[in-house]
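Engineer: no sequence for this one, just the structure:
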């Protein structure tokens, strides 16, 4: 199946909505919420990557996807276009990088194969329980959902600007 940037963009929005609804419902495992939230962020980054590369293989590597997406360059372009907004746009860049770092810390593509007990053991071995009160998976799914929402929301704001910049 071939995916266009618009296909990835729409999938990002749909997966983000799905992840939020699942999280709020409390009727779905936190591992599924995590997977869906990470997938939403990955789809958004892939939408931007597809504007520059016909084929690419980042293998779910968020750091590489962020670089290839050129979202930072689009934000820098906005600073040039709107110098009065520089401080605000720099904050957006900082939030985007922090969100991607949070996703990298928690998400992996193989979460889809893990039941909650396995995932809990995995995060305990990585000592990700530090600073967590209450249920570890619930808190990590909340953090991942928040980070993915940041990536998706920034993508929504930049999407039309990025498409115009690439003549689409």
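Structural biologist: Cool, the structure landed. Please read all numbers here as calculations on a predicted model, not as lab measurements.

Engineer: Closest to the geometric centre of the protein, which residue is that? Let me know.
Structural biologist: With distances taken as C-alpha atoms, centre = their mean, the residue of the chain nearest its centroid is residue 41 (2.4 Å).

Engineer: From residue 61, how far out is that one?
Structural biologist: 12 Å (C-beta to C-beta, to the nearest Å). The C-beta positions use only the backbone N, C-alpha and C, and glycine is treated the same way.

Engineer: and if you look at residue 27?
Structural biologist: Computed as C-beta to C-beta, the residue 27 to residue 61 distance reads 32 Å.

Engineer: Just give me the neighbour total for the residue nearest to residue 96 when sequence neighbours are not counted.
Structural biologist: Of all residues not flanking residue 96 in the chain, residue 154 sits nearest, at 5.3 Å (C-beta to C-beta, 6 or more residues apart in numbering). Residues near residue 154, counting by other C-beta atoms under 10 Å, number 19.

Engineer: Residue 12 versus residue 154, what's the distance?
Structural biologist: Using C-beta to C-beta, residue 154 is found at 11 Å from residue 12.

Engineer: again, but for residue 120
Structural biologist: 28 Å.
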